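Q: Please work out how this folds:
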Amino acid sequence: MLQEPRSGRMTAWGNALLGGFVSPDDAAQEITAGDTAHRIADLPGEDGPVGLTYGLGRLRALGVSGLRLALPVPGHPLGLSGPPEFNARALAAGEAVVGTGEPLGLVPEVTRTGPRGDVRVEVVWRCAGVRDAPPADVPSLGEAERELAEAMRDATAALSRLDVAGAGPAAQAALDAYRARAERGREVLAPGYPPRAVRVLELAQRVGALTSIATGAEHGSAVSASEIAARAELLRPVERTARRAQVAAYNAYVEEAERRREH
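A: Next up is the predicted model:
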């Protein structure tokens, strides 16, 4: 969770585009980020993969009005709504985007080619139909914020018991990477998101960073496989809370839009 998932960028900047906050070219540039190229495949009415800018426009023309993030792991289909075939592909990727308005979903397929130092990263977003149903286990922003405050306390206490803080160069490097990411925190999400979503996402990333550091094989004083496994088990509920909050933050744009329509 130290890095923003590609599906998170697609969700945030896709929503900014659908809401009229950014241009198609700007949205595509933000979604692509440091990758070489992104395309969208299997779009209804298209014979083959299309460029990202055109593909985003086609999704809007097909009736997609908002995008949600899914970050599933085995036993926890977080953010998914089915069908099983789409869920399986999303689980294999560890992430997905689920459309609202028109029930279409996107799962990224990432290909890396070239020698170290000159790697080309190309992403193909596979489009497929999804169920028009509430996403699994996604809390509200308010619930996520409350759960994160408790999780932060649990993570800090666990790290203290495990004697992880400052325990070696690998832990320090992970902390430095998180701090650099946090300094860019205001760049996370996209125009159109409520400030509370930015705050929740930043805290979710902080908690996720702590669990990543604590469960790394080279971090902390524990060195045996059994000790590392025990550490991971201890922090698993904390990591789950952080993932749920991360999804809630990215999905806040759609949740806010739905509340406005209801009133």
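
Q: longest helix of this structure?
A: helix 225-250 (DSSP state H).

Q: Can you tell me the number of residues neighbouring Arg146?
A: Using other CB atoms under 10 Å, Arg146 has 13 other residues around it. Every C-beta, even on glycine, is put in place using the N, C-alpha and C of the backbone.

Q: just to revisit the earlier point, could you list every helix and strand that the helix or strand just after the longest helix of the chain packs against?
A: Per DSSP states H and E, the first helix or strand lying C-terminal to helix 225-250 is helix 252-262. In terms of contacts (3 or more CB pairs under 8 Å, 6 or more residues apart in numbering; DSSP states H and E), helix 252-262 is packed against helix 6-18, strand 66-70, helix 195-215.

Q: For Ala151, find the nearest of these.
A: Nearest of the helices and strands packed on helix 252-262 to Ala151, taken as CB to CB: helix 195-215 at 5.3 Å.

Q: pLDDT averaged over the closest one - what is it?
A: Mean pLDDT, helix 195-215: 82.

Q: could I have that helix exported to PDB, CA atoms only?
A: Extracted in PDB, the C-alpha atoms of helix 195-215 (Å, rounded to 0.1, in the frame of the first residue of the first chain):
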ATOM      1  CA  PRO A 195     -11.300  17.000   1.500                       C
ATOM      2  CA  ARG A 196     -12.300  14.300   3.900                       C
ATOM      3  CA  ALA A 197     -11.600  11.600   1.300                       C
ATOM      4  CA  VAL A 198      -8.000  13.000   0.900                       C
ATOM      5  CA  ARG A 199      -7.600  12.900   4.700                       C
ATOM      6  CA  VAL A 200      -8.900   9.300   5.000                       C
ATOM      7  CA  LEU A 201      -6.700   8.100   2.100                       C
ATOM      8  CA  GLU A 202      -3.600   9.700   3.600                       C
ATOM      9  CA  LEU A 203      -4.300   8.000   7.000                       C
ATOM     10  CA  ALA A 204      -5.000   4.700   5.200                       C
ATOM     11  CA  GLN A 205      -1.700   4.900   3.400                       C
ATOM     12  CA  ARG A 206       0.100   5.700   6.700                       C
ATOM     13  CA  VAL A 207      -1.400   2.700   8.400                       C
ATOM     14  CA  GLY A 208      -0.600   0.500   5.300                       C
ATOM     15  CA  ALA A 209       3.000   1.700   5.300                       C
ATOM     16  CA  LEU A 210       3.400   0.700   9.000                       C
ATOM     17  CA  THR A 211       2.000  -2.800   8.300                       C
ATOM     18  CA  SER A 212       4.200  -3.200   5.200                       C
ATOM     19  CA  ILE A 213       7.300  -2.200   7.200                       C
ATOM     20  CA  ALA A 214       6.300  -4.500  10.100                       C
ATOM     21  CA  THR A 215       5.700  -7.600   7.900                       C
END
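
Q: Now do the buried residues in that helix.
A: Of the residues in helix 195-215, 197-198, 200-215 count as buried by neighbour count, 16 or more other CB atoms under 10 Å.

Q: And the longest helix of the chain, what does it pack against?
A: helix 6-18, strand 66-70, helix 141-162, helix 195-215.

Q: Next, the angle from that helix to helix 6-18.
A: 0 degrees (axes from the mean of the first three to the mean of the last three CA atoms, to 10 degrees).

Q: mind checking pLDDT for Gly99?
A: Model confidence at Gly99, expressed as pLDDT, equals 97.

Q: show me what contacts Glu46?
A: Contact partners of Glu46, counting by CB atoms under 8 Å, 6 or more residues apart in numbering, are Arg58.

Q: Then Glu150?
A: By CB under 8 Å, 6+ apart, the contact list for Glu150 reads Thr241.

Q: where's it relative to Ala157, distance?
A: Distance, Glu150 to Ala157, using CB to CB, to the nearest Å: 11 Å.

Q: how about the strands of the stretch 51-200 of the chain, start to end?
A: Applying DSSP state E, counting those that start in this stretch to the stretch 51-200 of the chain gives strands spanning 66-70, 96-100, 104-113, 120-129.

Q: any chance of these in CSV, with mean neighbour count and distance to Ala16 too?
A: CSV is the format used below for those (neighbours: other CB atoms under 10 Å; distance: least, CB to CB, whole Å):
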stretch, mean neighbour count, distance to Ala16
strand 66-70, 27, 10
strand 96-100, 27, 14
strand 104-113, 18, 16
strand 120-129, 18, 17
